[in-house]
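In: I would like the atomic coordinates for the input below:
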Amino acid sequence: MDHRSLLLLGLLMTQSQHGYQIHDFVEKNLKFITNMKKATAYALLDKLSKEKFIDVSVEYDGNRPPRKVYTINDQGIQLFNKLLLQNLSTSETVFYEGDIGLMFLDHLSTEKAIESLRKRLQELQEKYSYFQQAPIHNKNSGVNIAFKHKKKMLEAEINFLLETIQLLEEKKTS
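Out: Coordinates of the predicted model:
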């Protein structure tokens with residue numbers, strides 16, 4: 001079990017949902033928090049069901065194909081609490097794929113390196129803008145804290161890039 005199982009169980013803590021609802025919510029609201037794909041979500045939901053952490057019922061709605069509705073049960077709530085405590089108390093190692101490019105920066109001209117970093121900076125500023133506009137959750141302070149964490153990480157990355165670009169600009173003129 002991992003953070004993805006924690007996410008699915010956490011979403012089911014609020015209400016029973018069918019797979020599409022879960023995927024839709026993740027795509028629309030958590031795209032900068034998780035990169036979980038639809039196939040992964042469905043595979044994990046099946047696994048959680050087989051391991052008796054969630055119950056599955058079938059819902060019929062008019063002419064639509066039947067849909068599986070997932071509901072967390074008592075065993076799932078226990079697993080959710082266990083995973084939540086593990087997640088909150090464990091530090092993680094963060095790997096930035098962009099650091100690989102930084103390691104080989106000297107293979108580019110300074111102009112090309114600055115141009116590339118400015119593009120990265122622009123993408124980060126757009127992501128940051130998204131979080132600036134995110135509404136405040138009144139019912140769940142944890143969501144606000146997670147978004148605040150993401151904003152702080154983006155601010156740090158933006159500041160790092162601004163400093164790096166300035167450093168390269170100074171190198172170019174010296």
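In: Contacts for the helix or strand of the chain with the lowest mean pLDDT next, please.
Out: The least trusted helix or strand in the chain, going by mean pLDDT, DSSP states H and E, turns out to be helix 19-29, with a mean of 89. Outside of helix 19-29, the residues within contact range by C-beta atoms under 8 Å, 6 or more residues apart in numbering are 7-8, 11-12, 17, 34, 36, 38, 41-42, 45, 67-68, 70. C-beta: built from backbone N, CA, C; applies to glycine.
In: Of the residues you listed - the most surrounded one?
Out: residue 8 (27 neighbours; other C-beta atoms under 10 Å).
In: isn't that one right next to residue 49, touching?
Out: No - with contacts counted by C-beta atoms under 8 Å, residue 8 stays clear of residue 49, the gap being 10.7 Å.
In: contacting residues for residue 32?
Out: Here residue 32 is in contact with 127, 130-131, 150 (criterion: C-beta under 8 Å, 6+ apart).
In: Can you pull the poorly scored residue ranges out of this protein?
Out: 1 (pLDDT under 70).
In: Mind jotting down where the helices sit in it?
Out: 3-14, 19-29, 38-50, 74-89, 98-103, 110-133, 141-173 (DSSP state H).
In: So for residue 60, which of these sits nearest?
Out: Closest of the helices of the chain to residue 60 is helix 19-29, at 14.8 Å (criterion: C-beta to C-beta).
In: ok, and for the closest one, which residues are buried?
Out: By 16 or more other C-beta atoms under 10 Å, the buried positions in helix 19-29 come out as 19, 22-23, 26.
In: Return the member of those residues nearest to residue 89.
Out: The nearest one, if we look at the buried residues of helix 19-29 relative to residue 89 and count by C-beta to C-beta, is residue 26, at 24.2 Å.
In: distance of that closest one from residue 32?
Out: According to C-beta to C-beta, to the nearest Å, residue 26 stands 11 Å off from residue 32.
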